[in-house]
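> Whatever this is, show me its structure:
(2 chains)
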Amino acid sequence: MKKRKERIDRGIKARSSDIFALLSWREMLYLSAPRMLPIIGCLTLPLILGPYWQKVLLSVAVFALLAISWDILAQTGMVSLGQALFFGVGAYCAGVMNHYFGLSPFITLPVASVLGGLICTLLLLPVLRLRGIYFSMVTLIIPLMMVRVIEATKVFGGTEGLSGMTPLPSIWIELYLVIAVLLAALFGFRRMMDSDYGLILKGISDNDRSVINAGINIYQFKAQALFIAGSIGSFCGAFMTHVYMFVGMPVFALDYSILPIAAAVVGGPGTLAGAALGAFLLVPMSEALRGLGGLRIVLYGVFLVIFIIALPEGIFHYMQRKYQQFERWVEVEK
Amino acid sequence: MFIGTTLYALINTSILALMAIGFNLTFGISGVANFAYGAIYILAAYCIWGMINLLQLPYLLAVAIAVLGNMVLGALIYRFVLLRIRGQALSEVIATFGIGLAILELFSYFGWVGFEYTLPVFSDRSFIIAGTYIDFQRIAIAGFAAVLIFGLWIFTHHTSVGLAFRGIAQDERTALTFGIDSDRIGALSVSIGAGLAALAALFIIPLGSISPGEGYDVLIKALAVCIIGGLGSTGGVVLASFIVGFAERFTDTYIGSHWTMIVSLAAILIVLTVKPSGLLGKQKELEERI
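Model (predicted):
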């Protein structure tokens, strides 16, 4: 019996590339497996893990969300070097509402997300016209300045920060809340980037002048993308404020800017899924290497350099290509 | 107090110009991003310190080795990292920033921080100028900065290599048609920039001590001077150093030391928002914004 190799995706793509006309359960599995795997994984992981790794999963999800927020901005042509700004603004919004007004976390979280997104958009509105590296430099500098302003003006507790926040009721609510938000953001924004709206955002990064030529107001779209990314980042900050029960100057730390970029670069920019995948690889790895202390950041630096030079497409694109080239043995028809 | 503040502001200006000059040569004049600049500055300082105190080498030999070593390191960074991602401005920034991050965090991991980690001053003498006490080191910095700025202007306007530096920043393809090997010039520019960072460390570190955190500050200050002055402009470096140098010293004396860093950061932000290519910058005015 003679056999030959057959690409699995060919048959599906030959019928249609965007409307799937599926002929068998096997084809359905082929298409749905990569989507179901992260959903099932994320929902079951909290049940398997011990208390310590549950906390790690929390920060994995938060960094995955920050990386997604970075990726949405990057796909719109605004490469941010300061995700810490979004994180910090959200953290302080939630912290102030909880500390001074005693609002419950279930009110502060959504309000801080929207308010934080608004504040970030307003802060960056004057530099919306800047392109490429000039925009990046502004975003690099604003979080650094925020730290010094808080230090100098002693506002919101100054260097001491605000402590004694209300925690969320239990670890299960924390875990499933952040996982639900992560999955919703991942799949929702992936769909958004595939829609006409996302096409305009991607067009702005490819060639902003021709988007203007098409009669589209790109500043409006850029501001909306900023608001979306800012809200995601602010949610992360607000969430972590309630988890740590503390908000202070460390929320503007370089970690919150570097790690999401590292995650997106390692995972593969431009897909959102790559950014999340990068966070799921990097954060547990850095936990496992906790014994190395400060050397972890050295490793991040080295990883950034290696991936940018050797695998600029990132792991996700590589895996996606391999999955689509997946072959099976079939009998040669007589 | 006013005269004293003015004198120290002048010295602060020279320190800023000296810190920024290598970065300006690499990033400003030839358009190659080297965000590992702060790390290279600290690396050179630790190298000189190690060779003097651990290996007992004579001072001048240690300095020569450190400067040459830095230049080789700069060329290697260009050859093995920057060359592969040339032209993608943001990849250049992220990759070189990654290198700098790795170097600086490695030093903070070793924990070499303290007053014993400093370089020797050139001379213990000091002067009283207009009723203000100034030591010899600060005067040496002012003199050296002035010489270097003048040298940089001569180099970029009247030597063929310096003109080639400006050429590859303006238009790399046109530069190629003039027989300029842009990779060789790019490597040379990173290398000379790194060498200047070592010289700056040699002059400035004796005023304080070596610490990894200083590396980030040096990068930000160099960036501030380059951005405010305008990329590719020697006059811009001088002007920006004066603005930031005086602003820092006067806020320090009359408002409070907490505000010094805020002033320079705010200056960068305002300039980036209003005129991204800098006060005297002429390059890439069309590409900066839309």
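> Look up phi and psi at A:Phe246.
Comment: the main-chain dihedrals of A:Phe246 come out as phi -150, psi 140, following degrees, to the nearest 10.
> Could you report the separation of it from A:Ser163?
If you measure A:Phe246 against A:Ser163 using Cβ to Cβ, to the nearest Å, the figure is 5 Å. Placement of C-beta: from N, CA and C, glycine included.
> Next: A:Ile39.
According to Cβ to Cβ, A:Ile39 and A:Ser163 sit 36 Å apart.
> Quick check: which element contains the residue nearest the centre of chain A?
By Cα atoms, centre = their mean, the mean C-alpha position of chain A lies nearest to A:Ile68, the distance being 2.0 Å. Secondary structure from DSSP states H and E places A:Ile68 in helix A:51-75.
> Which residues belonging to that helix are considered buried?
Buried residues in helix A:51-75, counting neighbours by 16 or more other Cβ atoms under 10 Å in any protein chain shown, are found at A:54-75.
> Does chain B have contacts with it?
No: using Cβ under 8 Å from any Cβ of the partner chain, we find that helix A:51-75 stays clear of chain B, coming within 8.7 Å at best.
> next structured bit after the worst-scoring helix or strand of chain B on mean pLDDT?
Every helix and strand in chain B was compared by mean pLDDT, DSSP states H and E; the lowest is strand B:126-129, with a mean of 73. Sequence-wise, the next helix or strand downstream of strand B:126-129 (DSSP H and E) is strand B:132-135.
> Just the buried residues of that following strand, please?
Of the residues in strand B:132-135, those with enough neighbours to count as buried (16+ other Cβ under 10 Å) are B:Ile134, B:Asp135.
> May I have whichever helix or strand comes after that strand as CSV, with CA atoms only?
Moving toward the C-terminus from strand B:132-135, the next helix or strand (DSSP H and E) is helix B:136-158. Extracted in CSV, the C-alpha atoms of helix B:136-158 (Å, rounded to 0.1, in the frame of the first residue of the first chain):
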residue,chain,number,x,y,z
PHE,B,136,40.3,71.5,40.0
GLN,B,137,38.3,68.6,38.8
ARG,B,138,35.3,70.7,37.9
ILE,B,139,37.5,73.2,36.0
ALA,B,140,39.1,70.3,34.1
ILE,B,141,35.6,69.1,33.1
ALA,B,142,34.6,72.6,31.9
GLY,B,143,37.9,72.9,29.8
PHE,B,144,37.7,69.4,28.4
ALA,B,145,34.0,69.8,27.5
ALA,B,146,34.8,73.0,25.6
VAL,B,147,37.6,71.3,23.7
LEU,B,148,35.5,68.3,22.9
ILE,B,149,32.6,70.4,21.6
PHE,B,150,34.9,72.4,19.4
GLY,B,151,36.6,69.1,18.2
LEU,B,152,33.2,67.6,17.5
TRP,B,153,32.2,70.6,15.3
ILE,B,154,35.5,70.5,13.4
PHE,B,155,35.2,66.7,13.0
THR,B,156,31.6,66.7,11.7
HIS,B,157,32.1,69.7,9.4
HIS,B,158,35.6,69.6,8.1
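> average pLDDT for helix B:136-158?
The average of the pLDDT scores along helix B:136-158 is 85.
> Buried residues, it. List them.
Neighbour counts over helix B:136-158 (16+ other Cβ under 10 Å) mark B:137-142, B:144-145, B:148-149, B:152, B:155-156 as buried.
> rewinding a little: what is the helix or strand just after the helix holding A:Ile68 packed up against?
Towards the C-terminus, the helix or strand next in line after helix A:51-75, according to DSSP H and E, is helix A:83-101. In terms of contacts (3 or more Cβ pairs under 8 Å, 6 or more residues apart in numbering or on different chains; DSSP states H and E), helix A:83-101 is packed against helix A:51-75, helix A:105-124, helix A:132-153, strand A:162-163, helix A:218-244, strand A:246-247, helix A:255-267.
> Just the CA coordinates for helix A:83-101, please, in CSV.
Taking C-alpha atoms only, helix A:83-101 is exported to CSV below (Å, rounded to 0.1, in the frame of the first residue of the first chain):
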residue,chain,number,x,y,z
GLN,A,83,3.2,50.5,29.8
ALA,A,84,4.0,51.3,33.4
LEU,A,85,2.2,54.6,32.8
PHE,A,86,-1.1,52.8,32.2
PHE,A,87,-0.5,50.3,35.0
GLY,A,88,0.4,53.1,37.5
VAL,A,89,-2.5,55.4,36.6
GLY,A,90,-5.0,52.5,37.0
ALA,A,91,-3.3,51.5,40.3
TYR,A,92,-3.5,55.0,41.7
CYS,A,93,-7.1,55.5,40.5
ALA,A,94,-8.3,52.3,42.3
GLY,A,95,-6.0,53.1,45.3
VAL,A,96,-7.4,56.6,45.8
MET,A,97,-11.0,55.5,45.4
ASN,A,98,-10.6,52.7,47.8
HIS,A,99,-8.4,54.5,50.4
TYR,A,100,-10.1,57.9,50.6
PHE,A,101,-13.7,57.0,49.6
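> Would you enumerate the residues in contact with B:Ile268?
Under the criterion of Cβ atoms under 8 Å, 6 or more residues apart in numbering or on different chains, the neighbours of B:Ile268 are A:Met137, A:Ile141, B:Leu223, B:Ala224, B:Ile227, B:Ile228.
> Mind putting these into TSV with neighbour count, pLDDT and distance to A:Lys2?
Compiled in TSV, these are given as follows (neighbours: other Cβ atoms under 10 Å in any protein chain shown; pLDDT from 0 to 100; distance: Cβ to Cβ, whole Å):
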residue	neighbour count	pLDDT	distance to A:Lys2
A:Met137	21	81	62
A:Ile141	23	83	66
B:Leu223	22	83	66
B:Ala224	26	82	71
B:Ile227	28	81	68
B:Ile228	26	83	73
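> Any residues of the stretch 1-150 of chain A in contact with chain B? List them.
Taking Cβ under 8 Å from any Cβ as the criterion, the neighbours of chain B within the stretch 1-150 of chain A are A:79, A:81, A:126-127, A:129-134, A:136-138, A:141-142, A:144-145, A:148-149.
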